[in-house]
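K.L.:
Got a predicted model here, sequence first, then my questions.
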Amino acid sequence: MLSSLSRSVCRNVGFRAQRAATMSTATFDLTGSFETHNLDTSPSISVEYSKDQLMKQFELMYTMRRMEITCDNEYKARNIRGFCHLYDGQEAVATGIQTSLAAEDSWVTSYRCHCVALARGGSVKTVVGELFGNACGMSKGKGGSMHFYSKENNFFGGHGIVGAQVPVGNGLAFANKYKAKPGEEMNVAIACYGDGAANQGQIWESANMAALWKLPTIFCIENNHYGMGTSIDRHSSITDYYKMGNSIPGIRIDGMNVLAVTEGMRFVKDYCGSGNGPMYVEMMTYRYHGHSMSDPGTTYRNREEIAFTRSTRDPLEFIKKTLIEAGFCDKEELKGVEKGIRKFVQEEVMKAKESPKPSMDSLMEHVLATDIDGSGKSEYPPHIRLPDYAKSYFANGKIE
């Protein structure tokens, strides 16, 4: 039985657990987790999970949290330079999407991409190594915080320009539709962006194209409510982002509830992959850090608001309560898992620190391609101008 306090907390995040007939699974009620626009159907509000399924999601989310906290510390220690946008608070979004998508589906996102890169085939070592600018990084140390990429895992970035990833996502969706066999379900493409980018012209144009051509594009707004530092009611005339596609169907999902994100995205993937065209998805989420590490995040919101969200809607606390209330584990077991993950993250960070910087010989790799067959072969230009002209590269070895 759930205590009255637990019931109250669970209702606040749209969760009620019922023990299934068997001890191996539990059934969860997602009432209140979804709002729809221009849709005759909606995701199921009753879902069944096993302990293994929930534990895998918890482990990934907790790894994301510890990795981002570590990045915060390493940035303050000046081991990470440049821009750095952290994802803590939004872990349920990336985890639920990853659970729902197939490996063959395409994913492109914004510069707040560390945890998406981790979910989509990366490791703590390759993510943190990239932030250090070391050769072990996912982009070989040449991309940095905003430019992760893994073609083999159908992850296409990590983009530093606000909203610029959305037309890329449309192109990925076009390719998926083009390559799909008649009568078979298409692979989808999801383009994630924030509420601050939602009114960009290139997104409206992409949405129009996707609707006209019935592309399997998922326009996913991770609404953390403040853009770069301006609340949504001050920067957008439309705050129901899932309705922004007008005639394009949309759905709003509780982005702090990983079960809701998972079930909602399964519904969206099935809809778009079945040839019905695109869909707008609004994930109601929250970032704990400022927009980037240079933003304290407290000039446009107060500390009490952040603390209240942590205490009532934190996605990690939600899934921990879910596991405990379902009878899958107790607090001590979860503490043991957390301890193991903290140790693992620190070991991965040390490995990343031991990796060397990229060599000068790799400077122009993956820039000028010699063919278009996907082999990755590249060539050097005849001249590369360096800040110290005397150290510039010339193909003939001479300074001209």
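P.N.:
Everything's here; your move.

K.L.:
where along the stretch 251-400 of the chain do the helices fall?
P.N.:
Remark: helices assigned in the stretch 251-400 of the chain by DSSP state H, counting those that start in this stretch are 258-271, 303-313, 315-325, 331-354.

K.L.:
and those helices, which is most packed in?
P.N.:
helix 258-271 (a mean of 24; mean count of other Cβ atoms under 10 Å). Quick note: C-beta positions are derived from backbone N, CA and C, even for glycine.

K.L.:
and after the helix ranked longest in the chain, which helix or strand comes next?
P.N.:
When the chain is parsed with DSSP state H, its longest helix is helix 51-76. For helix 51-76, the succeeding helix or strand toward the C-terminus, using DSSP states H and E, is helix 91-100.

K.L.:
quick one, what contacts Thr126?
P.N.:
117, 136-138, 352 (Cβ atoms under 8 Å, 6 or more residues apart in numbering).

K.L.:
The same query, at a cut-off of 10 Å, please.
P.N.:
117-118, 134, 136-140, 148, 150, 348, 351-352, 355 (Cβ atoms under 10 Å, 6 or more residues apart in numbering).

K.L.:
Format those residues as JSON lines; extra columns: pLDDT.
P.N.:
Below are the contacts of Thr126 laid out as JSON lines (pLDDT from 0 to 100):
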{"residue": "Ala117", "pLDDT": "98"}
{"residue": "Leu118", "pLDDT": "98"}
{"residue": "Asn134", "pLDDT": "97"}
{"residue": "Cys136", "pLDDT": "97"}
{"residue": "Gly137", "pLDDT": "97"}
{"residue": "Met138", "pLDDT": "96"}
{"residue": "Ser139", "pLDDT": "94"}
{"residue": "Lys140", "pLDDT": "93"}
{"residue": "Phe148", "pLDDT": "96"}
{"residue": "Ser150", "pLDDT": "95"}
{"residue": "Glu348", "pLDDT": "98"}
{"residue": "Lys351", "pLDDT": "98"}
{"residue": "Ala352", "pLDDT": "98"}
{"residue": "Ser355", "pLDDT": "97"}
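
K.L.:
Where does the prediction get shaky in the stretch 251-400 of the chain?
P.N.:
374, 397-400 (pLDDT under 70).

K.L.:
unless I'm mixing things up, Thr298 is touching Ala307, no?
P.N.:
No - counting by Cβ atoms under 10 Å, Ala307 is not a contact partner of Thr298; they are 11.2 Å apart.

K.L.:
Quick check: Glu379 vs Ser362, distance?
P.N.:
13 Å (Cβ to Cβ, to the nearest Å).

K.L.:
try Val168
P.N.:
25 Å.

K.L.:
Compare these two and say which one has the larger neighbour count.
P.N.:
Val168 (17 against 14; other Cβ atoms under 10 Å).

K.L.:
Tell me where the stretch 151-300 of the chain has strands.
P.N.:
189-194, 217-223, 250-254, 279-284 (DSSP state E, counting those that start in this stretch).

K.L.:
hang on, the earlier thing: and which of the contacts of Thr126 is nearest Gly32?
P.N.:
Using Cβ to Cβ, Leu118 comes nearest to Gly32 of these, at 29.5 Å.

K.L.:
can I assume the closest one sits in a strand?
P.N.:
No - counting by DSSP: H, G, I helix; E, B strand; the rest coil, Leu118 is located in no strand; its state is helix.

K.L.:
Near it, how many other residues are there?
P.N.:
The local packing of Leu118 (other Cβ under 10 Å) involves 26 other residues.

K.L.:
One more: Val162?
P.N.:
Residues near Val162, counting by other Cβ under 10 Å: 17.

K.L.:
measure it to Ala135 for me?
P.N.:
In terms of Cβ to Cβ, Val162 sits 29 Å off from Ala135.
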